[in-house]
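Trainee: have a look at this prediction, sequence included:
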Amino acid sequence: MWITNIFKGIDMWITLRYNGFMPIHIPIYINEKLIKTYHIGRIEGDTNPDSINKYLVIQDDQLWNVGKEFDHRYGDGVEICIIKGINACG
């Protein structure tokens, strides 16, 4: 599948937070050098597969209040969410 090829070489993991906020962290490396990290978190919505949720994406160590918002259907999966988040950064 083409999605798999996009994420080769990207070390991606999900960290659960105590407040129910579940950020997705996407570090981007060139060779062994970390050049950027994206952080995506759901700010509105739920885990119903048909829910259109609101997400926020930030780069590196930005504060959440300066992030870019985007919408994502929960049932479309984490890969599509990541692509939408990176695209929202422009």
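Mentor: Nice, thanks for sending it over.

Trainee: just checking, residue 70 touches residue 88?
Mentor: Yes. Residue 70 is within contact range of residue 88, at 4.1 Å (criterion: C-beta atoms under 8 Å). Glycine gets a C-beta too; all of them are placed from N, C-alpha and C.

Trainee: list the residues that contact both of these two?
Mentor: Counting by C-beta atoms under 8 Å, 6 or more residues apart in numbering, the contacts common to residue 70 and residue 88 are residue 57.

Trainee: average pLDDT for stretch 70-84?
Mentor: Stretch 70-84 carries an average pLDDT of 96.

Trainee: I meant stretch 41-54, not that one.
Mentor: 93.

Trainee: contacts for that stretch, please.
Mentor: Contacts for stretch 41-54 (C-beta under 8 Å, 6+ apart): 21-24, 55-56, 64, 69-75.

Trainee: buried sites along the helix ranked longest in the chain?
Mentor: Scanning the chain for the helix with the most residues, using DSSP state H, yields helix 78-88. Buried residues in helix 78-88, counting neighbours by 16 or more other C-beta atoms under 10 Å, are found at 81-82, 84-86, 88.

Trainee: can you put those in CSV and add distance to residue 51?
Mentor: CSV is the format used below for these (distance: C-beta to C-beta, whole Å):
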residue, distance to residue 51
81, 12
82, 18
84, 15
85, 17
86, 21
88, 18
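
Trainee: what about dumping the CA coordinates of the strand ranked longest in the chain to CSV?
Mentor: When the chain is parsed with DSSP state E, its longest strand is strand 33-44. Once non-C-alpha atoms are left out, strand 33-44 reads as follows in CSV (Å, rounded to 0.1, in the frame of the first residue of the first chain):
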residue,chain,number,x,y,z
LYS,A,33,19.7,13.7,12.3
LEU,A,34,16.4,14.8,13.8
ILE,A,35,15.3,17.8,11.7
LYS,A,36,11.7,18.3,12.9
THR,A,37,9.0,16.8,15.0
TYR,A,38,5.2,17.2,14.5
HIS,A,39,2.8,16.8,17.3
ILE,A,40,-0.9,16.2,16.6
GLY,A,41,-3.7,16.1,19.2
ARG,A,42,-7.5,15.8,19.1
ILE,A,43,-9.1,18.9,20.6
GLU,A,44,-12.8,18.1,19.9
